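> Quick one, fold the following:
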Amino acid sequence: MKLPKEIIVAGKTYKIIKDPKKSGGWFDTGTQEIRIGTKTTNDIILNIFLHEIIELILVERMLRYKKPYEMEENGH
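Residues are numbered from 1 along each chain as shown. Model (predicted):
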């Protein structure tokens, strides 16, 4: 699956980093990086990528839901 090298969300440029040793995805607003694990099928990689982008948009707009009984931090 060919992913972009970077993407702009809320006026900030996020670098896309592919990790062939992992599956799943996560992002860091401090370093402005989105990591996508590519140890899975192309369909799943696309779903992970879209999930992380949507979640990042919600975080940037302060609309991400955080349950009060979850971990101290919500995310990675």
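> And whichever strand or helix holds Ile17, how far out from the chain middle?
Assessed by DSSP states H and E, Ile17 sits inside strand 12-19. Put simply, strand 12-19 sits 9 Å off its chain's centre (CA atoms, centre = their mean, to the nearest Å).
> average pLDDT across the helix or strand that it is followed by?
Later in the chain than strand 12-19, the nearest helix or strand by DSSP H and E is strand 23-28. Taken as a whole, strand 23-28 carries a mean pLDDT of 95.
> Doesn't Ile53 belong to a helix?
Yes - per DSSP: H, G, I helix; E, B strand; the rest coil, Ile53 lies within a helix segment.
> I figured it was touching Ile7, is that so?
Yes - between Ile53 and Ile7 there is a contact under CB atoms under 8 Å: 6.8 Å. Bear in mind the C-beta positions are built from the backbone N, C-alpha and C, glycine included.
> so what sits against both of the two?
Residues touching both Ile53 and Ile7 by CB atoms under 8 Å, 6 or more residues apart in numbering: Ile34.
> Could you measure from the residue nearest to Lys22 when sequence neighbours are not counted over to Ile17?
Once flanking residues are discounted, Lys22 sits nearest to Gly37: 3.5 Å by CB to CB, 6 or more residues apart in numbering. To Ile17, Gly37 is 10 Å away according to CB to CB, to the nearest Å.
> What strand or helix carries Arg64?
Using DSSP H and E, no helix or strand contains Arg64.
> count of neighbours near it?
Using other CB atoms under 10 Å, Arg64 has 14 neighbouring residues.
> Surely it touches Glu55?
Yes - Arg64 lies in contact with Glu55 (CB under 8 Å); the separation is 6.8 Å.
> and Leu3, how many neighbours does it have?
Neighbour number of Leu3 under other CB under 10 Å is 16.
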